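Student: my questions are about this predicted structure, shown below with the sequence.
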Amino acid sequence: MNEPKTFEVGPGDDARKAPVRVVVVQAEERPAVDAADEPMVMTVPHLLLRELIAFLVISLVLVALALTANAPLEEIANPARTPNPAKAPWYFLGLQELLHYYPPVISGVLLPGLLVVALVVIPYVRINLERPPLAPARRTRALVILWATLTTLVLVSYFTGSQPVWPFIGTLLVVGAGMSVGIAGRSPGRVVSWLRGRSIAFWIFSWFLLTATVLTVIGIFFRGPGWSFTLPWRDGIYY
Amino acid sequence: MRDLVKRLTGTAFYRSIFRHGFADTNRNRSLAVFTNFFLHIHAVKVRRRAIAFRRTGYLGGLSAACFFILLVTGILLMFYYRPSVPEAYHDMKDLQFVVSAGVFLRNLHRWSAHAMVALVLAHMAVTFFRGAYRPPREFNWVIGVFLMLATVLLSYTGYLLPWDQLAYWAVTVGTNMAEAAPIVGAKLKLLLLGGHTINAAALLRFYVLHCVLLPFWLVLGLCVHIWRVRKDGGIYLPPPAPSAATDEDQA
Amino acid sequence: MPLDDDLSSPLSEEELARRRTLTLLGAGALTAAGLGTAVVGYRFFEPNVFYEEDARVGIGRPEEIAPGSVMVLPKKRLYVVRNADGSFYALSSICTHLGCMTRYVPENAQVACPCHGSRFSLEGKVTAGPAPRPLRRLKMSLERGILIVDASQEIPAGQLFKVT
């Protein structure tokens, strides 16, 4: 395209007239992955083979399931007759169980909406960074605040729900116990010190996971006609 | 055998497609990734710690694998499914009893759907507990949340398509929950269903959502999500132990 | 290769003013187009015609329904009740909680919903369960000797339809 230019590198004769150019190389925008002295491996074949094997394994599992267990197909949709019970797919059963305790505005709109907002906000809120273990003097205060908050939450959920919300109360107590051991535990054991290092976000997220799991399990296995409480080993599983 | 492969990969025809030779030198291995349209989302080299199974359980990749299976089985099922009432239900019966491998494809689609929802939720939990959402990966977490929502919505819209009692009433409950939203609830339900009740208009809308709109958004989001993993420095790893002279974990 | 760098050459006042005006015009046009697209897009998704059954349902002649009886019409999603004094009222059989189809239980003159255990009295009042409102009472009329129930017209609880 253009004629090749010839470059000459070096300081000029008169430094004031032709100052030496210093090139500044800016650090890369992304975190310096390569800066660490970590052992690296070639993508081909190491990573690619693992991906392939993982894909094969999941395919095999799913194909085995597809060959042995049939997807359900009930009678044609009939607007005049609601089956008893009318259950949502399993990932919504936790929500449907929640509907048993709180009206649709709360359990169908407010709580899921808050959940999504909370999830999105997680990385941006500073309380998510781990905190150092509390000094003994602040332990009592932390315990008091913790249990005051938990008691309030338990009472609020109990009295606003249309049924005693045992799942909520149970999970709040479990998380409260874990947090208390982390705050007040004095033994140098691994479990206690691990609990001590967990951030508030960890406990909130764990509580959410625990509650969602409990609600979903109840919705799948312990609910029958009319959303009544059933025992799967006695009455079977309704879906 | 190796010689045969080497001969084949040396031909001009092969070299016109793949601009590299057989992957037995590190240079060729680099080129195999770097010059490949499908593979160059990967880095040429990765940290050995990053690809161990116990890091992430490969949950993200497995979710994507499930999605790929869903895409393929879904498209195949579309050849025999009409999203109208009552043809939808009759086509489901067709797929179960008349179409060769119909029952297998439908089962595979359904099981992959359940697996994908479960894997996506597990991926979210593991990502959180590993702390892989922290800066500079915050925005990728947000993208992930929306991918999770898209996954659940895909599963929900797909649930109506068989047009059986299970489908109909599950969606009834769901849309009535949407109606409970203040101010916009009734309008939202009207737009979702294309009417006041779950009828042919609702089925068609859910079908388009399930087969076109939501997969499109999911694929787009997935591309950005994976791209961001690269840009944010690869899989999150805790800093190496101080005595990193010895070899780290071997998966 | 030399770059034709627009950033390095200063602009005259006239040029800047021209650019400002054009930018404003362009932004305005984009906003208008965007708003217009949004409105048209929203109205595209809102159905103008509902391919649904007519809300008005004929349920028979008044003489065919005995006083003190309940007529259950599952396909029309209605309960039609005739009191002992001959007056009528019609209730929607859709549960007000989440839209499930209720069932009439003659043994205790109750309406029960299978989904979450809501119970209604025969007047439509909620007697148990999470249903937030009573069953919808629907407008009735008499046309050419046939009783008509309009499922799209709700009337206050307790109102009765009398056949003269």
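Tutor: The structure has been received and is ready for your questions.
Student: where exactly do the helices run in chain A?
Tutor: A:48-68, A:90-101, A:104, A:111-121, A:136-160, A:166-184, A:190-196, A:200-221, A:232-235 (DSSP state H).
Student: export those helices to CSV and tack on mean neighbour count, distance to chain C and mean pLDDT?
Tutor: Every residue, glycine included, has its C-beta placed from N, CA and C. Converted to CSV, the helices of chain A look like this (neighbours: other Cβ atoms under 10 Å in any protein chain shown; distance: least, Cβ to the nearest Cβ, whole Å; pLDDT from 0 to 100):
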stretch, mean neighbour count, distance to chain C, mean pLDDT
helix A:48-68, 15, 30, 96
helix A:90-101, 22, 6, 87
helix A:104, 23, 7, 82
helix A:111-121, 14, 15, 91
helix A:136-160, 13, 13, 83
helix A:166-184, 18, 16, 86
helix A:190-196, 14, 38, 81
helix A:200-221, 18, 12, 90
helix A:232-235, 10, 16, 86
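Student: chain C contacts on the stretch 51-200 of chain B?
Tutor: B:169, B:172-173, B:175-177, B:190-191, B:194-197, B:199-200 (Cβ under 8 Å from any Cβ of the partner chain).
Student: how about the residues you listed in a markdown table, adding distance to chain A and pLDDT?
Tutor: Output for these, formatted as a markdown table (distance: Cβ to the nearest Cβ, whole Å; pLDDT from 0 to 100):
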| residue | distance to chain A | pLDDT |
| --- | --- | --- |
| B:169 | 4 | 91 |
| B:172 | 8 | 89 |
| B:173 | 6 | 83 |
| B:175 | 10 | 86 |
| B:176 | 7 | 83 |
| B:177 | 3 | 79 |
| B:190 | 16 | 90 |
| B:191 | 16 | 90 |
| B:194 | 16 | 90 |
| B:195 | 12 | 87 |
| B:196 | 12 | 85 |
| B:197 | 7 | 86 |
| B:199 | 8 | 90 |
| B:200 | 11 | 92 |
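Student: low-confidence ranges, chain B, go.
Tutor: B:241-251 (pLDDT under 70).
Student: kindly list the longest helix within it.
Tutor: helix B:102-130.
Student: buried stuff in that helix?
Tutor: Going by neighbour count (16 or more other Cβ atoms under 10 Å in any protein chain shown), the buried part of helix B:102-130 is B:102-117, B:119-121, B:123-124, B:127-128.
Student: does stretch A:55-67 reach chain B?
Tutor: Yes - using Cβ under 8 Å from any Cβ, we find that stretch A:55-67 touches chain B at A:55, A:58-59, A:61-63, A:65-67.
Student: returning to that earlier point: please name every helix or strand in contact with the longest helix of chain B.
Tutor: helix A:48-68, helix A:90-101, helix A:200-221, helix B:53-56, helix B:59-78, helix B:87-97, helix B:138-160 (3 or more Cβ pairs under 8 Å, 6 or more residues apart in numbering or on different chains; DSSP states H and E).
Student: could you redo the last one with a cut-off of 7 Å?
Tutor: Contacts defined by 3 or more Cβ pairs under 7 Å, 6 or more residues apart in numbering or on different chains; DSSP states H and E place helix B:102-130 against helix A:48-68, helix B:59-78, helix B:87-97, helix B:138-160.
Student: now the ones you listed in CSV, with distance to residue A:96?
Tutor: CSV is the format used below for the helices and strands packed on helix B:102-130 (distance: least, Cβ to Cβ, whole Å):
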stretch, distance to residue A:96
helix A:48-68, 25
helix B:59-78, 24
helix B:87-97, 24
helix B:138-160, 13
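Student: closest to residue A:207 out of those helices?
Tutor: The stretch from these with the least distance to residue A:207 (Cβ to Cβ) is helix B:138-160; that distance is 18.1 Å.
Student: so after that closest one, what's the next helix or strand?
Tutor: helix B:165-179 (DSSP states H and E).
Student: how far off centre is that next one?
Tutor: Helix B:165-179 sits 25 Å away from the centroid of its parent chain (Cα atoms, centre = their mean, to the nearest Å).
Student: skip the chain neighbours and tell me the closest residue to the residue nearest the centre of chain A.
Tutor: Nearest residue to the geometric centre of chain A (Cα atoms, centre = their mean): residue A:205, 6.0 Å. Nearest residue to residue A:205 in three dimensions, chain neighbours excluded: residue B:128, at 5.6 Å (Cβ to Cβ, 6 or more residues apart in numbering or on different chains).
Student: what does residue B:130 give?
Tutor: residue B:236 is the one closest to residue B:130 (Cβ to Cβ, 6+ apart), at 6.4 Å.
Student: pretty sure the one you found contacts residue B:129?
Tutor: No - counting by Cβ atoms under 7 Å, residue B:236 does not reach residue B:129; the two are 11.6 Å apart.
Student: what's the end-to-end length of stretch C:154-164?
Tutor: End-to-end distance of stretch C:154-164 (Cα to Cα, to the nearest Å): 22 Å.
Student: so what touches that stretch?
Tutor: Here stretch C:154-164 makes contact (Cβ atoms under 7 Å, 6 or more residues apart in numbering or on different chains) with C:62, C:86-89, C:124, C:134, C:136-140, C:142.
Student: ok, stretch B:221-230 next?
Tutor: Applying Cβ under 7 Å, 6+ apart, the set of residues contacting stretch B:221-230 is B:41, B:43, B:64, B:139-140, B:143-144, B:146-147, B:150, B:235.
Student: and it, how far from the chain's centre?
Tutor: Going by Cα atoms, centre = their mean, where stretch B:221-230 is centred and where its chain is centred differ by 12 Å.
Student: check contacts around the nearest residue to residue C:99 once chain neighbours are set aside.
Tutor: Spatially, and ignoring its direct neighbours in sequence, residue C:99 is nearest to residue B:176 (4.3 Å; Cβ to Cβ, 6+ apart). Residue B:176 makes contacts with A:104, C:98-99, as judged by Cβ under 7 Å, 6+ apart.
Student: and stretch B:67-76, what's buried?
Tutor: So for stretch B:67-76, counting by 16+ other Cβ under 10 Å, buried means B:67, B:69-70, B:73-74, B:76.
Student: those: which ones sit near chain A?
Tutor: Within the set of the buried residues of stretch B:67-76, contact with chain A (Cβ under 7 Å from any Cβ of the partner chain) is found for residue B:69.
Student: closest one of the buried residues of stretch B:67-76 to residue B:24?
Tutor: Using Cβ to Cβ, those come closest to residue B:24 at residue B:69, 32.0 Å.
Student: quick check, that closest one in contact with residue B:111.
Tutor: No - here residue B:69 lies out of contact with residue B:111, judged by Cβ under 7 Å, at a distance of 9.1 Å.
Student: list the residues that contact both of the two?
Tutor: residue A:62.
Student: quick one: the strands in chain C?
Tutor: C:56-60, C:69-73, C:78-82, C:88-92, C:103-105, C:110-112, C:119-121, C:126-128, C:137-143, C:146-155 (DSSP state E).
Student: what's the closest non-adjacent residue to residue 111?
Tutor: Chain wasn't specified; assuming chain A. residue A:98 (6.9 Å).
Student: that's the wrong chain, I meant chain C
Tutor: Going by Cβ to Cβ, 6+ apart, residue C:111 has residue C:120 as its nearest residue, at 4.2 Å.
Student: distance check, that neighbour against chain A.
Tutor: According to Cβ to the nearest Cβ, to the nearest Å, residue C:120 and chain A sit 14 Å apart.
Student: hang on, the earlier thing: redo the helices of chain A as TSV? Include distance to residue B:94.
Tutor: Below are those laid out as TSV (distance: least, Cβ to Cβ, whole Å):
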stretch	distance to residue B:94
helix A:48-68	18
helix A:90-101	27
helix A:104	37
helix A:111-121	36
helix A:136-160	48
helix A:166-184	42
helix A:190-196	56
helix A:200-221	30
helix A:232-235	34
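Student: ok, which of these comes nearest residue C:106?
Tutor: Comparing those by Cβ to Cβ, helix A:232-235 comes nearest, at 26.2 Å.
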